[in-house]
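**Student:** Predicted model, plus sequence, below.
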Amino acid sequence: MIIIGAKDLSKQPANLPAIISIGHTNWCVSTRKLHYGIFASGAVVRVPPPALCTIFPRRGHNMALTASVRIKLLTAVAHHLAAEEWPIIDLTLSQFGLPTSDTWSGTKEGYIIQMSKDTDDDTVSGLAEHCGIPVEHGIVQTNVQAPFWKPDFFRLFLSHLATSRKFAGELQQALETYGIAAFVAHNDIHPTAEWQNEIELALSTCDALLALLHPGFHESNWTDQEIGFVMGRSMPVFSVTLGQTPYGFIGKTQAFNGTGKTPVALALEVFDALRKNKQTQDKMSEIVVSLFENSPSFDAAKTRIAYLEGLTTWKPGFSKRIKTAAENNGQISSAWGIPERVAALLKKKGEKVDKSDDEISF
């Protein structure tokens, strides 16, 4: 039984999904068949099973939020909206009746928190709903722990056919080099775990989805639902052409051409795309800094400094972390030309660098 907004949906006809308006979203729900729907808002919505069911307070139903929940929600909202351009951020805030400013000089996340911190609980919950941040019975589910995700890695769900699991597994291994944890159902689900619930947990907690479009992908009973699930969370969906032409919503964006490419080569392309995509670049910037800090060789340090130089998102604390890594990691400090590039990068980012820093080491 799934209950949303205190309405029992268990008596709905098996082949007639119920559509309920919650805030700004229409949800398509069925208790006997899996459904996802496309509505006027453009959202593709897929409702999880009862154990993971996302329940939002309906407008006017005033669910009181504790201070802890408000902090977690507003922080998650700020993190999500910060991936957008300034006009979209201001549009979103104004549509929820929040103030905006033309004179802000800080970060996007700081701005969003400042503009929304004094609003009422109903608006906070509405913003969370708009951003696809689940709240279940007043508990923010932004950091659900799943055993198959590596801590501090980017979470990428690989949607693939059972016949493509070897390729998916090789891609999973190649992506790990770039701080990307890829979920491959056949590799990551423990034999005793309930298959569907584990897949839906991965779909509910991933940062993005990558569809491996081998021939027959569209005919699968599962792959389209996986895509709809992640789109319904407003998370990015990418695709790789491997014999199947992109279709529907995934056909609207440029796909990776995987024909004839090894998983290693494809992994690098995916990494580059995630670094540049506005919805994923924020989290990927953290991962790029971490990769540099942990450079295991001179060659890795040389490759990873180039990733740092290409970052478009620069957070407070990055400069200090990079400088500390250049001081303490011998694979960085002793790599030819890398300390100088670090110094130049920090200077470009506004970090004070003395003459000795410019010469060789910190």
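**Tutor:** Yes, it's here.
**Student:** Retrieve the pLDDT associated with the residue positioned nearest the centre of the chain.
**Tutor:** Nearest residue to the geometric centre of the chain (C-alpha atoms, centre = their mean): D207, 2.4 Å. The model reports D207 with a pLDDT of 92.
**Student:** From A255, how far off is it?
**Tutor:** Noted for D207: a distance of 19 Å to A255, by C-beta to C-beta, to the nearest Å. All C-beta spots, glycine's among them, are computed from the backbone N, C-alpha and C.
**Student:** follow-up on the earlier one: measure the residue nearest to the centre of the chain to Q95 for me?
**Tutor:** Distance from D207 to Q95, by C-beta to C-beta: 25 Å.
**Student:** Same check on G132?
**Tutor:** Using C-beta to C-beta, G132 is found at 16 Å from Q95.
**Student:** Have a look at those two and say which one is more surrounded.
**Tutor:** A direct count of neighbours by other C-beta atoms under 10 Å for G132 and Q95 places G132 higher, at 17 against 12.
**Student:** and the more buried one, helix, strand or coil?
**Tutor:** Per DSSP: H, G, I helix; E, B strand; the rest coil, the local secondary structure of G132 is coil.
**Student:** Next, the contact list for it, please.
**Tutor:** Contact analysis of G132 by C-beta atoms under 8 Å, 6 or more residues apart in numbering lists H80, G232, R233, S234, M235.
**Student:** Just give me the closest of those to A182.
**Tutor:** M235 (14.7 Å; C-beta to C-beta).
**Student:** Sketch out the low-pLDDT regions of this structure for me.
**Tutor:** 1-63, 134-145, 187-194, 352-362 (pLDDT under 70).
**Student:** give me that answer again for 50
**Tutor:** 1-62, 137-142, 355, 357-362 (pLDDT under 50).
**Student:** any idea which element K347 lies in?
**Tutor:** helix 338-348 (DSSP states H and E).
**Student:** quick one: buried residues of that helix?
**Tutor:** Neighbour-count burial for helix 338-348 flags I338, P339, R341, V342, A343, L345, L346 (criterion: 16 or more other C-beta atoms under 10 Å).
**Student:** and the third one, what does it touch?
**Tutor:** Residues in contact with R341, defined by C-beta under 8 Å, 6+ apart, are I305, E309.
**Student:** cool, and the fourth one?
**Tutor:** V342 makes contact with I305, I322, K323, A326, I332, F362, according to C-beta under 8 Å, 6+ apart.
**Student:** Out of these, list just those in helices.
**Tutor:** I305, I322, K323, A326, I332 (DSSP state H).
**Student:** leaving aside the residues next to it on the chain, what's closest to the last one?
**Tutor:** Put plainly, it is I332. In space, and not counting its chain neighbours, I332 is closest to A301: 4.6 Å by C-beta to C-beta, 6 or more residues apart in numbering.
**Student:** centre of the chain versus the helix or strand where the one you found lies, how much separation?
**Tutor:** Following DSSP H and E, one finds A301 within helix 298-309. Its chain's C-alpha centre lies 24 Å from the corresponding centre of helix 298-309 when counted by C-alpha atoms, centre = their mean, to the nearest Å.
**Student:** What helices and strands are in contact with it?
**Tutor:** helix 281-293, helix 330-333, helix 338-348 (3 or more C-beta pairs under 8 Å, 6 or more residues apart in numbering; DSSP states H and E).
**Student:** gap between the second one and the chain center?
**Tutor:** So the one you mean is helix 330-333. That offset, for helix 330-333, works out to 31 Å (C-alpha atoms, centre = their mean).
**Student:** So what touches that helix?
**Tutor:** 292, 295-298, 300-301, 325-327, 338-339, 342, 361-362.
**Student:** again, only this time at 6 Å
**Tutor:** For helix 330-333, contacts defined as C-beta atoms under 6 Å, 6 or more residues apart in numbering pick out S295, S297, F298, A301, A325, A326, I338, P339, S361.
**Student:** With stretch 150-161 instead?
**Tutor:** Residues contacting stretch 150-161 (C-beta under 6 Å, 6+ apart): 149, 168, 179-184, 202, 206-212, 214, 220, 223, 226, 283, 287.
**Student:** That one: which residues count as buried?
**Tutor:** Buried residues in stretch 150-161 (16+ other C-beta under 10 Å): F153, F154, R155, L156, F157, L158, S159, H160, L161.
**Student:** How much space separates the fourth one from C206?
**Tutor:** Spelled out, it's L156. Counting by C-beta to C-beta, the gap from L156 to C206 is 6 Å.
**Student:** try T177
**Tutor:** Distance from T177 to C206, counting by C-beta to C-beta: 19 Å.
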